[in-house]
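>>> Here is a sequence together with a model predicted from it:
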Amino acid sequence: MSQRILVVDDVEDNRLILRDLLSGAGFQVIEAVTGEEGVRLAETEAPDLILMDIQLPGLDGYEATRRIKANPALRRIPLVAVTSYALSGDDVKAREAGCDAYVTKPFSPRALLATIREYLS
């Protein structure tokens with residue numbers, strides 16, 4: 001059974017790129033468009049890893065991450081921020097929210113897959 005990754009991103013093209021990359025690497029992909037949907041799917045689907053955009057409509061990626069990490073049943077799920085937020089201190093804010101890793105867009109597919117595999121090994 002392949003490992004499942006929840007992708008939370010409101011931009012369809014970004015989800016398509018991640019879906020193609022992850023599916024091609026043998027992962028099953030679950031997708032959410034909003035932070036609220038991401039939290040709900042994390043609770044109902046219990047993915048093996050979550051890729052979280054930060055700039056989302058409504059509940060942003062920081063708050064969605066806080067809610068996921070505050071849930072004892074979900075706390076163990078590795079959560080990687082994949083974001084265009086690349087200013088000094090953005091990585092610190094992501095880690096303070098509970099993200100385990102931080103990857104900026106545009107990302108190297110090879111580097112992102114290496115990060116994912118590091119957390120799933």
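Noted; the coordinates are in hand. In this text the structure is predicted, and so the values were computed from the model without any measurement.
>>> Show the contacting residues for the residue most central in space within the chain.
Nearest to the mean C-alpha position of the chain, by CA atoms, centre = their mean, lies residue 51 at 1.3 Å. Contacts for residue 51 (CB atoms under 8 Å, 6 or more residues apart in numbering) come out as 5, 6, 7, 8, 9, 18, 80, 82, 116. C-beta: built from backbone N, CA, C; applies to glycine.
>>> My reading is that it lies in a helix. Confirm?
No - assigned with DSSP: H, G, I helix; E, B strand; the rest coil, residue 51 falls outside any helix and is strand.
>>> which intervals of the protein have sub-threshold pLDDT?
1 (pLDDT under 70).
>>> residue ranges for the strands of it, please.
Per DSSP state E, the chain carries strands over the ranges 4-8, 28-32, 49-52, 79-83, 101-104.
>>> so which of those is the most packed in?
Here the criterion is mean neighbour count by mean count of other CB atoms under 10 Å, and of the strands of the chain the winner is strand 49-52, at a mean of 27.
>>> could you dump the strands of the chain to CSV with distance to residue 60?
Shown next, in CSV, are the strands of the chain (distance: least, CB to CB, whole Å):
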stretch, distance to residue 60
strand 4-8, 11
strand 28-32, 13
strand 49-52, 10
strand 79-83, 10
strand 101-104, 15
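>>> So which of the ones you listed is nearest residue 120?
strand 49-52 (5.9 Å; CB to CB).
>>> Might you report the residue contacts of the spatially closest residue to residue 78 that is not a sequence neighbour?
Leaving aside its chain neighbours, residue 78 sits nearest to residue 119 (3.7 Å; criterion: CB to CB, 6 or more residues apart in numbering). Counting by CB under 8 Å, 6+ apart, residue 119 makes contact with 49, 78, 80, 100, 101.
>>> And for the fourth one, the neighbour number?
Here the neighbour count serves as a burial measure; for residue 100 (other CB atoms under 10 Å) it reads 18.
>>> which residues touch it?
78, 79, 80, 119.
>>> Equivalent analysis for the first one, please.
For residue 49, the residues meeting the contact criterion (CB under 8 Å, 6+ apart) are 3, 5, 6, 77, 78, 79, 80, 116, 119, 120.
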